[in-house]
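Student: next one to model:
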Amino acid sequence: MRLGFEVRQGIPGSHLLTPLLRPGAPPLLVDRGWAPQTGGTLDRPRGEVAVIGYPRPADTRDWNSPSDTPAERRFYLFDPLAIAAALELPKPEPFGLVALDPTAPAAALPSPARAMPRPDNPHLGYAITWFGLAAALLGVLGAVFWRGRRSG
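Tutor: Model (predicted):
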C-alpha cells in the first residue's frame, strides 16, 4: 500500500505501508519508509519479524483532503480503517507504527525513519514577535510623548 507523495533528490515516491498480522490481535499498519514510485528493489521481510518504531495517529479528513485510490492501493491520508478495508483485512488498530532504524544503510529501500520526530518548537518566533511588538509600542508611545511635549 502506498501512502502520500514525496520527492527525494528529484525522485518521486511515497511511503510503503505493510500490515503486521499478529495472532490474537488486530492488524497493525506499519509505515516501512519511503520508496520510489518505480525502480529500486524493495526489501521484503519474510517469516516472523520484530518492528521497532513509534506510533502514528490516524489523519483526519476534511473538505480539502485529496482523494484516495483504493483500487490502485494509493492513499494520501493515513486512515487505518479505509486502508485495511482496501486490503480486505479485519478492523485494524486505530493508529499505525512508523518503522525506526537509525542503522539502516542509506541505499535501503524502503528507507525507514532514522530518528524520532522532533516536536515543533516555535518559541523563538514567538519571542521575536512579542518583543518586536513591545519595541513598536514603545516607539509609538515615544512619538506620542515627543509630539505632546513639542506642541505644548
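Student: measure stretch 111-121 end to end?
Tutor: In terms of C-alpha to C-alpha, to the nearest Å, the two terminal residues of stretch 111-121 are separated by 26 Å.
Student: I meant to write stretch 44-56 there.
Tutor: Across stretch 44-56, first to last residue, C-alpha to C-alpha, it's 22 Å.
Student: report the buried residues of it.
Tutor: Applying a neighbour-count criterion of 16 or more other C-beta atoms under 10 Å, one finds 51, 53, 56 buried in stretch 44-56. Quick note: C-beta positions are derived from backbone N, CA and C, even for glycine.
Student: can you give me phi and psi for the closest residue to residue 22 other than its chain neighbours?
Tutor: Residue nearest to residue 22 in three dimensions, not counting chain neighbours: residue 28, with 6.6 Å by C-beta to C-beta, 6 or more residues apart in numbering. Main-chain torsions, residue 28, degrees, to the nearest 10: phi -120, psi 120.
Student: residue 29 bridge partners, please.
Tutor: With DSSP bridges as the criterion, residue 29 is bridged to residue 19, residue 96.
Student: residues contacting it?
Tutor: Contact analysis of residue 29 by C-beta atoms under 8 Å, 6 or more residues apart in numbering lists 1, 17-20, 78, 80, 83-84, 92-93, 96-97.
Student: mind checking how far it is from residue 19?
Tutor: 6 Å (C-beta to C-beta, to the nearest Å).
Student: what touches both of these two?
Tutor: With C-beta under 8 Å, 6+ apart, residue 29 and residue 19 have common neighbours 84, 92.
Student: secondary structure element for residue 128?
Tutor: helix 123-151 (DSSP states H and E).
Student: next one: residue 33
Tutor: Applying DSSP H and E, one finds residue 33 within strand 28-36.
Student: sitting in strands, which of the buried residues of stretch 44-56 do you find?
Tutor: Those of these mapping onto strands are 53, 56, per DSSP state E.
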